[in-house]
Each structure stands twice: as structure tokens, then as C-alpha cells.
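S.K.: Dropping a prediction and its sequence here:
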Amino acid sequence: MSRSARPLCAFVALIVFASSVIGETPDRPDLQKQNEEAALRQKGALAILEQALSNARNLKLPQNRITVDTEILQLLWGRDEARTNGLLNQIVSEFAQASSKHPGNSDAPNRLASLRQQRQQLVQFLGSADPQAALRFLGATRPYVRTESGVQEEAEERQIQLNLAAQEASHDPRLALQIAEKMLEESNDLPFELLNVLSTLADKDKTAATRLLRDVVARLQRNDLTSDRQNFTFAVNLFNMRASNPPEQDGSTEAEGSGKEMEVLRPLAEAVAAAILSPAFPNEMMPNAEPYLPALAKFVPSQAQSLQEKLAEYRQTVNPAQKSWDEFNQAQQNGSAEQLLGIAKQAPPDVSDSMYQQIASKLASEGDYARSRQVAEEDISDPAARNQVEQQGLQQAAAAALQKGQLALARQLIDGVTPEQARAVALVQLAVQAANVKKESFALDLLTEADSLLRERPQNAEEFSGEMQLVEAFARCRPTHAVQLLDRSAKQVNQVLAAAAQVDGFVPTQASFEQGELVVSNSFLVNSLIQQYARAAASLADHDLETARNMADRIARPEARLMAEIAVARTVLNGNSGRVAYFRWGRQVTAFIQE
């Protein structure tokens, strides 16, 4: 990659830190100065994006250019309308190039699947930002993602459009209703995404929601609910969703609309009850129906006794293991740990172990580590499962102790986490929580110990991920040490990518390289190495944008380096870049711009 843009960022290096004392901030912050620094940082981040767009044109693979352009489009959205419109058109053109390139080779199915995934990801973003633009993009790119299976393709297109309708329902209920009604006209299917559309419409426009509900119920009445599991599951989920919160009959317009909705649900309840009572109703579908029987009985009281008799008949036919699971799953909704333990003790041995694992995890999540450990030690027979539950419990208990200010106890609990790699990650996570509750000194001690446990060069993706978490934590308290760790990691990333490129054609899995270029869209190497490194490098942008950019540029392969540079820019553009502080833990870096 050309380094011509480096001077564009050099002038934005931060010249003021919050304080030389960890966690200390000025009593009287100079807001004007902070705003000026923020503006400089944003200008520097935008310069990084401009250079990334220019360098992306040198990439061989159109799907890689799509990935880069999509990332940048999301960051520029709301900042430069003309530029984002141009990027959208450019992305459509790149879809055309990607779909026509070597259509007959062995990689074509993988490329098509990747293109479809890229398309869905961009549509998801556009749907939240501009649903009309999303619909136009869908139509423009559809010719380039067609599959041999027309049925599957149509189903996927409907799901995408219904997801858009669900997003748009809160802003333009009429458009959402039109999309949903068109889907009902063109297909006999009832995708579960329709439930999301109905739910959002019910909050925003009762009339539109009732109209769509009436259409859906009419479709369900014509469909087979007796033997078709998908139709039946859709019907009971719809019934439960809309019947669980009956409206207050206060005479208002809203209550009147809700009352009409409840009237529409009666024929649905009748159809569901008739399906359950049918002699052809499969026995194995009764567990799906059981939770809804009380609500059904209220809508069709004449069938209440028959429904209970059908349930009793089913219970007599099920084997002890299935019966135990049915009871256990039902008790999990509202039951206590003691109730669940009672069921597990009566369950057959081949299922009780799994129940005890869930109970121990439940107790640990509720803060009762002693009881969780007791259940694990006394009742879980599988050693591996027992150890996993105990390790999870230790970390959950340590976090709970920290929240109560019990630092010594939290530290003692973490000492029991094994192996050392897992303990190091637990120490980093605990350090983040400690900083959140203003225990910076304690947090730094935890990080120092975690660093000592991770001195060895990572041997796999999991260990590399743990080291990158450590870098992210140090970036906020000891940036210079974070840079040292990243420098070592960059060398390893470059070595791994070089070796992977040499053996890629000999590995009997989906290729990570194509035409000598790393595929940067959702490949294993990108997910396990590049994204991890990029996020860690980007965490330094809160300290010094130029340093973060320098660490991103340590990656040798241009396509991977581009992704790291974009991550750095994203941190500035999506973060609270006006504030410079050493300890700012737990901030989530998202892929979408938050306006």
C-alpha cells in the first residue's frame, strides 16, 4: 500500500493527555480545546477512509472491494450524502463484476454465498438508515445473486424484505404493511419474520396491525395446521404474542382497535384447537402446544376439557425421559432452583446430568456460587461438564464479588480458574469490571498478572484472542506496553498469513485466498486474526490516532491492512473522541454509525 497518506494523519496526533496520573481528569476541562482535538481526530479518521477507498481500487477481488466500500459507506453515512450515494452505485457495479467472474469454476458457489451474505449485511444497515434505499439496493443487486434453487432464493428475498418491513414499521407503518401484504399475495409461505412486522405495527398503528393480522389468520385457516409443523408453530407463536397482553377496555380508540384484534384472534384460536384435537395431530408436537392450552381455553372455552383430555392422553404415552424434560422445561420458565432440583432427582440417569448442568449454571448466574459448586460436585457425573460448570461459576462469582466491593474475594476466586490461558482472560475481564467501578489500581494489578501468564507466543486462535483482549485493556492504561504487545503480534499475524497463503490450496476446506488475495469477507483467518488485531490496534486511537494508524500498518498484506485501518477510523468516528482519558473501559465499537 502506498504510504502517501501518512502525512494526512501525522498532524492529528494528540498533544494533550488527560493526566499523567491514571484515571485523573482535569477539574476544569477546556471544552473548546477538547472540541478542537475531536475535530482534528475526526478529520484524520476521514483522511484514513479516503486513502482506504483509493487503495481498495487496487484489490483484485470485487468481493473484497465490496467489503471495504461497505464498511466505509456505513461510516460516511450521514456525513456526506453525495459520497454515500456514489458508493452505493459503485457497490452495485462490484456485485455485477463479482457475479460474472469465472462463473464456472469450483469457487463459484462459495463466492455466490458470500455475495448473498454481503448483500444481506448491507441491506440490514440500509434498512435502519433508509429503508427506501435498501429496497432500491435489493432490486438493483438481485440479478447478481441468483441461485439455481429458485424456491430458496425467493424465500430468502421474502425474509430480507420482511426484515426491512419490521425496521420500517416504526417510521412508516403504511410502507411496512404494503411490503407484508405483497409478500402474502406472492407466496403461500408464512415466514416467522412476519411476527416481527406485526409486533412493531401493533405498537405504532393498531389499524394496520389488525389489517395484517386478519390477512395472516385467514391464510392460517386455509393452511394445514395439523401435520405441518412450521404452520402450527407459526400459529401458536402468533396467538401467544398477540393474546398474552389483552387490551384494557376503556372505550378509547386504541382499546377499540385492540378489541378488534382480539376478535380476529378467536378464529385463530379455534383453528389451533381444532388442529390439536384432530386424530392426525402428531404426538411429538404436543410439547409445542402445551404452554398455550390455558390461553386457548379462554378463547374457546367449549374445547377446554377436550384439550386437557388430549394432553393427559399424551402424557401417558411419553417415555420417562421425555416426560422429565417436559416438566423441567416448563419449570424453567417460572420455577426456582429447588423445584428444578426436585425434577432432576426424579429424572432418569441419562437426562439428569444435563439438567444438573443447567441448574448449576442458573445458581451461579444468580450469585449463589457455593450452591452451584455443590450441585456440580455432587450431581454432575461427567468430569468435563462438571469442570466447565465450576469454571463458569468461578468467573460469575468473582464478578459478583467485585460489584459488592469484595476485591480480595474476587481475586481469590479467579485464582481457581484453569488453565492459565483461561485465567488470564478472566483476569482481563475482571480488570475491565474493576475499572468500571473505579478500582483502577486493582485493575492494573490484574492486567499485570494476566500479562505474565500470556508471555508465551500464542499457539492458536483462542490464545491469540486472549492476547488481543489484553492489548485492548492495556491500551487504556499503559499504551506504550500495548504497542509493544501489538508489535510482537503483528509479526505473528504476518507469518501466519504468509504460511496460510502457501498451503491454502492443499487444505480441504473453503479457501481463504483467491487469485493470491486474502478473502476479507467472513473468512476464518479474517475473523480469528485480522479482526482481533484490528480491534486491538483501534483501541489505541483513544490514546493517539497516529500510533493506532502505525500499528494497523504493521500488517503486510494490503487487503488485511485496509481492514485494520478502517477499524482505527471507525473507533474515532463512532467513539467519544472529544474526551481523552486513560481508563475508559467496556465501550462497544459498532459497525454502524450512531447518529
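M.R.: Ah, there it is. Just so it is clear, the structure is predicted and the values come from calculations on it, not from any experiment.
S.K.: low-confidence ranges in the stretch 201-350 of the chain?
M.R.: The stretch 201-350 of the chain contains residues with pLDDT under 70 at 244-259.
S.K.: The same query, at a cut-off of 90, please.
M.R.: 202-204, 206, 227, 240-265, 283-292, 294-295, 297-298, 314-327, 329-338, 349-350 (pLDDT under 90).
S.K.: Buried ones in the helix or strand hosting residue 357, by neighbour count?
M.R.: In this assignment (DSSP states H and E), residue 357 forms part of helix 349-365. For helix 349-365, burial by neighbour count (16 or more other C-beta atoms under 10 Å) applies to 351-357, 359-364. In this view, the C-beta of every residue, glycine as well, is placed from N, C-alpha and C.
S.K.: Output those residues in CSV; the columns should cover distance to residue 541.
M.R.: Converted to CSV, the buried residues of helix 349-365 look like this (distance: C-beta to C-beta, whole Å):
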residue, distance to residue 541
351, 51
352, 51
353, 48
354, 45
355, 47
356, 46
357, 42
359, 44
360, 41
361, 37
362, 40
363, 41
364, 36
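S.K.: of these, closest to residue 381?
M.R.: Of all those, residue 353 has the smallest distance to residue 381: 5.5 Å, by C-beta to C-beta.
S.K.: and that closest one, how far is that from residue 394?
M.R.: According to C-beta to C-beta, to the nearest Å, residue 353 and residue 394 sit 20 Å apart.
S.K.: Now do the helices in the stretch 101-250 of the chain.
M.R.: 108-129, 131-141, 150-168, 173-186, 193-204, 206-222, 229-243 (DSSP state H, counting those that start in this stretch).
S.K.: hang on, I meant the stretch 251-400 of the chain
M.R.: Using DSSP H, counting those that start in this stretch, helices in the stretch 251-400 of the chain cover 253-277, 286-289, 293-299, 304-317, 320-334, 337-346, 349-365, 369-379, 383-403.
S.K.: Present those helices as JSON lines; the columns should include distance to residue 125.
M.R.: As requested, the helices of the stretch 251-400 of the chain are exported to JSON lines (distance: least, C-beta to C-beta, whole Å):
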{"stretch": "helix 253-277", "distance to residue 125": "32"}
{"stretch": "helix 286-289", "distance to residue 125": "35"}
{"stretch": "helix 293-299", "distance to residue 125": "38"}
{"stretch": "helix 304-317", "distance to residue 125": "45"}
{"stretch": "helix 320-334", "distance to residue 125": "35"}
{"stretch": "helix 337-346", "distance to residue 125": "41"}
{"stretch": "helix 349-365", "distance to residue 125": "33"}
{"stretch": "helix 369-379", "distance to residue 125": "41"}
{"stretch": "helix 383-403", "distance to residue 125": "33"}
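S.K.: For residue 55, which of those is the nearest?
M.R.: helix 383-403 (41.8 Å).
S.K.: State the distance from the closest residue to residue 299 other than its chain neighbours to residue 214.
M.R.: Computed as C-beta to C-beta, 6 or more residues apart in numbering, the closest residue to residue 299 that is not its neighbour in sequence is residue 269, at 3.6 Å. In this structure, residue 269 and residue 214 are 14 Å apart, going by C-beta to C-beta.
S.K.: now do residue 243
M.R.: 15 Å.
S.K.: re earlier: report the contact partners of the residue nearest to residue 299.
M.R.: Contacts here follow C-beta atoms under 8 Å, 6 or more residues apart in numbering; on that basis residue 269 touches 239, 243, 295, 296, 299, 300.
S.K.: Fine, thanks again, bye for now.
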